[in-house]
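Visitor: Predicted structure and sequence below. I'll ask about it afterward.
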Amino acid sequence: MIDHLQDTVTLNNGVTMPGFGLGVYKVDEQTAADSVKAALKNGYRSIDTASYYDNEAGVGRGIKESGISRESIFVTSKVWNDEQGYHNTLEAFENSLAKLGLDYLDLYLIHWPVSDTYLETWQAMEKLYEEGRVRAIGVSNFHVHHLQRLMANTRVKPVIDQVEYHPHLTQESLRVFCEQENIQLEAWSPLKKGRLLDDPSINDLAEKYGKTPAQIILRWDVQNHVVTIPKSTHDERIKENASIFDFALANEDMQKIDSLNQNDRTGKNPDSFDPS
């Protein structure tokens with residue numbers, strides 16, 4: 001478990017990444033730049049974007065204007081559904097690098113398991129990884145059977161599976177599988193797009209610990225050994241989200257949050273989504 005904002009987890013290829021970071025899902029370029037600068041100023045060292053977010057240029061500008069060295073920042077991006085396939089993925093990667101203004105990525109993910117192309121996409125990512133263009137490769141929104149198929153047909157095991165994960169969607173079987181396979185689970189939408197902040201049980205715990213509901217949920221992530229990347233565009237909320245390392249949830253309170261699971265998604269089910 002990470003004990004500080006800049007503490008890291010070690011991925012299955014030996015690369016380390018911060019256990020806590022900033023997500024910039026679908027914010028405009030200027031907001032992305034400002035959010036990245038605010039996060040880096042407040043000690044964050046991991047930034048998660050994607051070509052689909054259409055703000056990689058803003059993220060790159062924020063990194064450059066922050067004054068923090070590139071080597072100190074862990075940058076993740078993702079290949080979108082209509083960019084998948086071997087040659088398309090190589091082109092998409094170059095486009096992302098150009099927009100970000102970077103020479104390499106720390107982590108590159110398949111955004112969704114587009115059934116007829118994700119194996120070809122992964123082969124391209126293996127090439128990028130073996131050439132040193134990206135330090136680690138992984139996936140997003142993969143169920144267990146997607147991971148099993150990928151690992152049975154490719155050379156490099158994914159280091160991470162980034163999925164929707166929050167107290168209403170605990171994905172326990174996936175979490176256990178990833179632990180067994182040494183694949184790091186990472187949470188997107190850890191606050192369920194804000195819909196969990198009014199939950200009575202979460203608010204009772206917030207009052208008990210003298211923390212905000214968001215801090216309770218993000219602390220639950222950390223204690224479950226799940227990397228988390230909450231999105232925020234406000235300086236104070238960016239700072240507040242990361243202020244979770246001065247307390248610990250008791251085991252009975254962790255179990256209380258676990259019991260809130262409803263298998264309820266805000267996003268699509270990877271088995272039934274439209275890849276367009």
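Guide: That came through, no problem.
Visitor: residue contacts, the spatially closest residue to Asn182 that is not a sequence neighbour?
Guide: In space, and not counting its chain neighbours, Asn182 is closest to Asn12: 4.4 Å by C-beta to C-beta, 6 or more residues apart in numbering. (C-beta placed from N, C-alpha, C; glycine too.) Asn12 makes contacts with 157, 159, 182-184, as judged by C-beta atoms under 8 Å, 6 or more residues apart in numbering.
Visitor: Only the buried subset of these, as a PyMOL command please.
Guide: In PyMOL, this line selects whichever of the contacts of Asn12 come out buried by 16 or more other C-beta atoms under 10 Å:
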select buried, resi 157+159+183+184
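Visitor: In a markdown table: the contacts of Asn12, plus secondary structure.
Guide: Converted to a markdown table, those look like this (DSSP: H, G, I helix; E, B strand; the rest coil):
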| residue | secondary structure |
| --- | --- |
| Lys157 | coil |
| Val159 | coil |
| Asn182 | coil |
| Ile183 | coil |
| Gln184 | strand |
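Visitor: now the contacts of Asn12 as TSV including distance to Ala92 and pLDDT?
Guide: Shown next, in TSV, are these (distance: C-beta to C-beta, whole Å; pLDDT from 0 to 100):
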residue	distance to Ala92	pLDDT
Lys157	22	98
Val159	19	98
Asn182	27	98
Ile183	23	98
Gln184	23	98
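Visitor: ok so, going back, quick one, grab the pLDDT at the residue nearest to Asn182.
Guide: As predicted, Asn12 sits at a pLDDT of 98.
Visitor: can you map out the strands along the chain?
Guide: Counting by DSSP state E, one finds strands in the chain at the ranges 8-10, 16-18, 22-23, 46-48, 74-79, 107-110, 137-140, 160-164, 184-188, 227-228.
Visitor: mind checking which of these is nearest Gly267?
Guide: Of all the strands of the chain, strand 160-164 sits nearest to Gly267, with 5.2 Å by C-beta to C-beta.
Visitor: Please name every helix or strand in contact with that closest one.
Guide: Contacts defined by 3 or more C-beta pairs under 8 Å, 6 or more residues apart in numbering; DSSP states H and E place strand 160-164 against strand 107-110, strand 137-140, helix 172-181, strand 184-188.
Visitor: what are the pairing partners of the last one, and which direction each?
Guide: Under the criterion DSSP bridges, strand 184-188 sits next to strand 160-164 (parallel), strand 227-228 (parallel) in its sheet.
Visitor: The last one: how far from the chain's middle?
Guide: The gap between the average C-alpha position of strand 227-228 and the chain average comes to 6 Å, counting by C-alpha atoms, centre = their mean, to the nearest Å.
Visitor: average pLDDT for that strand?
Guide: The average pLDDT within strand 227-228 is 98.
Visitor: now stretch 136-150
Guide: Mean per-residue pLDDT for stretch 136-150: 98.
Visitor: Any chance you could give me that stretch in PDB, C-alpha atoms only?
Guide: In PDB, the C-alpha atoms belonging to stretch 136-150 read as follows (Å, rounded to 0.1, in the frame of the first residue of the first chain):
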ATOM      1  CA  ALA A 136       5.100  -0.200 -20.100                       C
ATOM      2  CA  ILE A 137       2.000  -1.300 -21.900                       C
ATOM      3  CA  GLY A 138      -1.400  -2.300 -20.500                       C
ATOM      4  CA  VAL A 139      -5.200  -2.300 -21.100                       C
ATOM      5  CA  SER A 140      -8.300  -0.600 -20.000                       C
ATOM      6  CA  ASN A 141     -11.900  -2.000 -19.600                       C
ATOM      7  CA  PHE A 142     -10.800  -5.600 -20.000                       C
ATOM      8  CA  HIS A 143     -12.800  -8.400 -18.300                       C
ATOM      9  CA  VAL A 144     -11.000 -11.500 -17.100                       C
ATOM     10  CA  HIS A 145     -11.800 -13.400 -20.400                       C
ATOM     11  CA  HIS A 146     -10.300 -10.500 -22.400                       C
ATOM     12  CA  LEU A 147      -7.100 -10.700 -20.300                       C
ATOM     13  CA  GLN A 148      -6.900 -14.500 -20.700                       C
ATOM     14  CA  ARG A 149      -7.300 -14.300 -24.500                       C
ATOM     15  CA  LEU A 150      -4.600 -11.600 -24.700                       C
END
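Visitor: Brilliant, that's me finished.
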